[in-house]
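1. Next come a sequence and a model predicted from it.
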Amino acid sequence: MRKFLFQHLHAIRLMVVLTMAGLFPMSLLAQQPIGKLNMKKYNGIDVSHYQGDIDWKEVSRDSKIQFVYIKATQGTTIKDDCYKKNIRGARRHNIKCGSYHYLSSQSPIRKQFKFFKSVVKKHQQDLIPMIDVEREGVRGWSGRQLRDSLRLFCRLMTLHYGKAPLIYSHYNFYNECLAPYFNKYFLFLGKYSWPQPRILGSGRHNIWQYSERGRIRGIKGRVDLDRFMSGTQLSDIEL
């Protein structure tokens, strides 16, 4: 064990020296797998129909899970097949719930919001709503069209639900297309390697989706694992 540890530390020192000398790519040093130990450091999960039937009673026995975000809608016509039973099941077992909309460039924003609020009832929500902004979903929009559309959706959500929404995106896409314009919002960013995601400009993100391959009792397949970043707690995202 000591011999292995010495060799491991020596390898790290060597990589740092080579990096400083320009002989080792910084990207390889910076992006490291999450690791089994850190896979267990979660505060919440996010789910959709991809997880199939969930045993929420079993999930609720996991004391680390403080919250769940559940997919509700996409565009103007797609309601997640499992939304109704997921929101009821999770709340029945006292798990704090929020709902999210997958943003689409294929239909008007006001119609998307109208669809979302018809499905996501305010009295069933424990957490602020979330907008899922992904490259595939908004393909075809220019950067300005995306930002204008997201601003409108955020404004409509704030007026209806009483608080500004949470914005989810992959950290690369967020920095490329949305930062720093939306840095004032609560941010939920996906990145599946170390170090934690960082945003361009002032501000910080609040929740890190650090794995898409989590295992939770009560869920048959893989599930996204999420953790609060320093300075953020459950009360910050409560509705």
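-> Alright, I've got the coordinates.

2. Show me the shaky parts of the chain.
-> 1-31, 33-39 (pLDDT under 70).

3. residue ranges for the strands of it, please.
-> 44-47, 67-74, 78-79, 96-102, 130-132, 166-170, 186-190, 207-214, 223-228 (DSSP state E).

4. mind listing what's buried in the first one?
-> Right, strand 44-47. Gly44, Ile45, Asp46, Val47 (16 or more other CB atoms under 10 Å). (Glycine included, C-beta is placed from N, CA and C.)

5. Turn the strands of the chain into CSV, columns for distance to Ile109.
-> CSV is the format used below for the strands of the chain (distance: least, CB to CB, whole Å):
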stretch, distance to Ile109
strand 44-47, 22
strand 67-74, 13
strand 78-79, 16
strand 96-102, 11
strand 130-132, 10
strand 166-170, 14
strand 186-190, 20
strand 207-214, 24
strand 223-228, 25
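
6. Of those, which is nearest Arg198?
-> strand 186-190 (9.1 Å; CB to CB).

7. who does the closest one touch, helix- and strand-wise?
-> strand 166-170, strand 207-214 (3 or more CB pairs under 8 Å, 6 or more residues apart in numbering; DSSP states H and E).

8. can you do 10 Å?
-> Where contact means 3 or more CB pairs under 10 Å, 6 or more residues apart in numbering; DSSP states H and E, strand 186-190 is packed against strand 44-47, strand 130-132, strand 166-170, helix 171-173, strand 207-214, strand 223-228.

9. Note down every partner strand of the first one and its orientation.
-> Right, strand 44-47. Strands adjacent to strand 44-47 in the sheet, as given by DSSP bridges, are strand 67-74 (parallel), strand 223-228 (antiparallel).

10. how far away is the residue lying closest to His93 once chain neighbours are set aside from Phe67?
-> Leaving aside its sequence neighbours, His93 sits nearest to Ser60 (CB to CB, 6 or more residues apart in numbering; 3.8 Å). Going from Ser60 to Phe67 by CB to CB, to the nearest Å gives 12 Å.

11. follow-up on the earlier one: need the winner for burial among the strands paired with strand 44-47.
-> strand 67-74 (a mean of 25; mean count of other CB atoms under 10 Å).

12. Extract the CA atoms of that strand and return them as CSV.
-> Only the C-alpha atoms of strand 67-74 are listed here, as CSV (Å, rounded to 0.1, in the frame of the first residue of the first chain):
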residue,chain,number,x,y,z
PHE,A,67,-34.9,16.9,-3.5
VAL,A,68,-35.9,15.6,-6.9
TYR,A,69,-36.6,17.4,-10.1
ILE,A,70,-39.1,15.6,-12.4
LYS,A,71,-39.5,16.2,-16.1
ALA,A,72,-43.0,17.5,-16.9
THR,A,73,-43.2,18.8,-20.4
GLN,A,74,-41.3,19.4,-23.7
